[in-house]
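Trainee: A predicted structure for the sequence below; I have some questions about it.
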Amino acid sequence: MKKIQMVDLKGQYETIKDKVDSSILEVLDSTAFINGPQVHSFQKELEDYLQVKNVIPCANGTDALQIAMMGLGLKPGDEVITADFTFAATVEVIALLQLTPVLVDVEPDTFNIDPEAVRKAITPRTKAIVPVHLFGQSANMDAIMEIADEFGLFVIEDNAQAIGANYHFNDGRTKKAGAIGHVASTSFFPSKNLGCYGDGGAIFTNDDELAHTIRGIVNHGMYERYHHDVVGVNSRLDSVQAAVLRAKLPNLDMYNKARQKAAAKYSEAFKGQENIVVPFTADADDTHVYHQYTLKITNGKRDALVQHLNENGIPCGIYYPIPLHSQKAYKDSRYREQDFEVTNKLVKEVISLPMHTELDDEQIDFITSTVIEFVNK
Ligand SMILES: *Cc1c(COP(=O)(O)O)cnc(C)c1O
């Protein structure tokens with residue numbers, strides 16, 4: 001059996017080496033390292049793929065979130081509601097902009113922000129909601145867009161983990177995750193579903209005026225050379241990364257299908273296990289792109305399982321071990337523990353198994369049998 005990796009970047013690279021190498025060499029030959037034609041082409045190709053009017057590439061997914069918030073003109077003291085159970089980048093940029101993060105609990109099955117908790121957290125100062133499409137599955141955007149409309153709030157989708165996932169609205173329409181709110185951000189960090197070979201990110205929006213504002217913000221607030229109309233940042237996707245992404249974007253659906261296939265195989269093996277809860281998915285199989293395959297271990301053996309897997313050469317991850325509201329940097333005396341019941345429980349139960357495009361059946365069989373045997377012991 002091949003050695004099991006949490007994410008197999010090397011195995012994937014070997015299957016696309018010729019394409020990636022020639023794409024990178026083109027950039028080296030052109031020496032157009034910044035804002036080269038590859039960046040522009042990638043932007044267009046991603047707009048087509050996502051069916052959004054504007055993609056603005058930038059340096060990473062954290063910048064993308066920050067710039068989206070700057071573009072919306074949010075002001076210090078404005079409250080921004082987001083999930084307690086996510087990667088810290090989401091809340092970090094809210095705090096950096098001196099906005100007030102308001103963390104709320106998530107749903108126990110999807111791990112995504114709980115629309116009812118969002119509704120309860122709204123005050124006259126609330127300006128935006130940031131749903132995070134965690135682990136590859138969109139948050140409940142029907143409910144979130146409805147709440148946003150009712151209260152006149154912006155919706156900023158953190159789509160770093162769900163690029164390529166579809167969302168089916170209650171009325172039958174389908175859109176890509178990240179193409180639904182006012183603006184969205186994504187990350188091309190190497191381990192993400194569409195990863196480059198360094199840092200990268202992008203902002204998407206169907207609002208042309210907002211897109212124009214954001215194009216200036218990413219470039220030092222310039223709309224005309226050396227005229228700085230707003231305070232901006234320097235956040236660029238470099239041409240080498242765009243070249244890698246152009247080589248990989250045509251494979252994204254295939255990559256997501258490979259993840260879905262591995263996830264289906266995992267879930268089939270765990271069927272009927274009373275102490276193991278497999279990831280929730282809606283009826284349609286295109287709504288979850290499994291950035292992570294995350295189980296809940298409900299009999300208190302999660303931590304022991306981590307150790308057991310490590311001893312057996314099976315990597316795993318705990319995403320995330322500490323609720324954001326309990327992190328030193330984001331504590332707030334207004335938070336009450338009883339409002340975070342779900343997150344407080346999830347951090348003790350979740351475990352993410354190896355998930356990538358190169359997992360084979362033999363590896364999955366070994367992983368699932370090792371997990372099942374240990375959890376039932
Ligand atoms: C990865 C990630 C980010 C940040 O992306 P970077 O490119 O690493 O800055 C933000 N939010 C979520 C949910 C992520 O998973």
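Mentor: Everything's here; your move.

Trainee: how deep is the residue in the chain positioned nearest to the ligand tucked in, by neighbour count?
Mentor: Proximity of the chain to the ligand (Cβ to the nearest ligand atom) peaks at G61, 2.5 Å away. All C-beta atoms are positioned from the backbone trio N, CA, C, and that covers glycine. Neighbour count for G61, taken as other Cβ atoms under 10 Å: 27.

Trainee: Now do the phi/psi pair for it.
Mentor: phi -70, psi -30 (degrees, to the nearest 10).

Trainee: Report the contact partners of the closest residue to it other than its chain neighbours.
Mentor: Excluding the flanking residues, the one nearest G61 by Cβ to Cβ, 6 or more residues apart in numbering is S187, at 2.4 Å. S187 makes contacts with 60-62, 64, 160, 200-201, as judged by Cβ atoms under 8 Å, 6 or more residues apart in numbering.

Trainee: Okay, and which of the residues you listed map to helices?
Mentor: Among the contacts of S187, DSSP state H puts 61-62, 64 in helices.

Trainee: Columns pLDDT on top of these, output as a markdown table?
Mentor: What follows is the ones in helices among the contacts of S187, written out as a markdown table (pLDDT from 0 to 100):
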| residue | pLDDT |
| --- | --- |
| G61 | 98 |
| T62 | 98 |
| A64 | 98 |
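
Trainee: Sort out which one of these lies nearest H227 for me.
Mentor: Minimum distance to H227 across those is 24.3 Å, recorded for A64 (Cβ to Cβ).

Trainee: Please verify my assumption that that closest one contacts G201.
Mentor: Yes: counting by Cβ atoms under 8 Å, A64 sits close enough to G201 to count as a contact (4.0 Å).

Trainee: related to what we said a few turns ago, is the residue nearest to G61 bridged to anything, and to what?
Mentor: Bridge pairing for S187 (DSSP bridges) gives the partners G201.

Trainee: who in the stretch 151-300 of the chain is up against the ligand?
Mentor: Taking Cβ under 6 Å from any ligand atom as the measure of proximity, the stretch 151-300 of the chain contacts the ligand at 158, 160-161, 187, 189, 199, 201.

Trainee: Give me the ChimeraX select line for those, limited to the buried ones.
Mentor: With 16 or more other Cβ atoms under 10 Å as the criterion, this ChimeraX line picks the buried residues out of those:
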select :158,160,161,187,189,199,201
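
Trainee: of all the residues of the stretch 151-300 of the chain next to the ligand, which comes closest to D361?
Mentor: Q161 (25.2 Å).

Trainee: Could you pick out the longest helix of this structure?
Mentor: Ranked by residue count under DSSP H, the longest helix found in the chain is helix 9-30.

Trainee: Next, the buried residues of that one.
Mentor: 12, 19-20, 23-24, 26-27.

Trainee: cool, and stretch 208-226?
Mentor: Quick answer for stretch 208-226 (16+ other Cβ under 10 Å): 210-211, 213-219, 221-222.

Trainee: Just put the residues you listed in CSV and tack on distance to N256, secondary structure and pLDDT.
Mentor: Output for the buried residues of stretch 208-226, formatted as CSV (distance: Cβ to Cβ, whole Å; DSSP: H, G, I helix; E, B strand; the rest coil; pLDDT from 0 to 100):
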residue, distance to N256, secondary structure, pLDDT
L210, 28, helix, 98
A211, 26, helix, 98
T213, 31, helix, 98
I214, 27, helix, 98
R215, 29, helix, 97
G216, 33, helix, 97
I217, 30, helix, 98
V218, 27, coil, 97
N219, 32, strand, 96
G221, 36, coil, 95
M222, 37, strand, 95
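
Trainee: how near is the residue lying closest to E337 once chain neighbours are set aside to T123?
Mentor: Spatial nearest neighbour of E337, chain neighbours left out: N344 (6.8 Å); criterion: Cβ to Cβ, 6+ apart. Shown here: N344 relative to T123, a distance of 23 Å by Cβ to Cβ, to the nearest Å.

Trainee: Okay then, goodbye and thanks.
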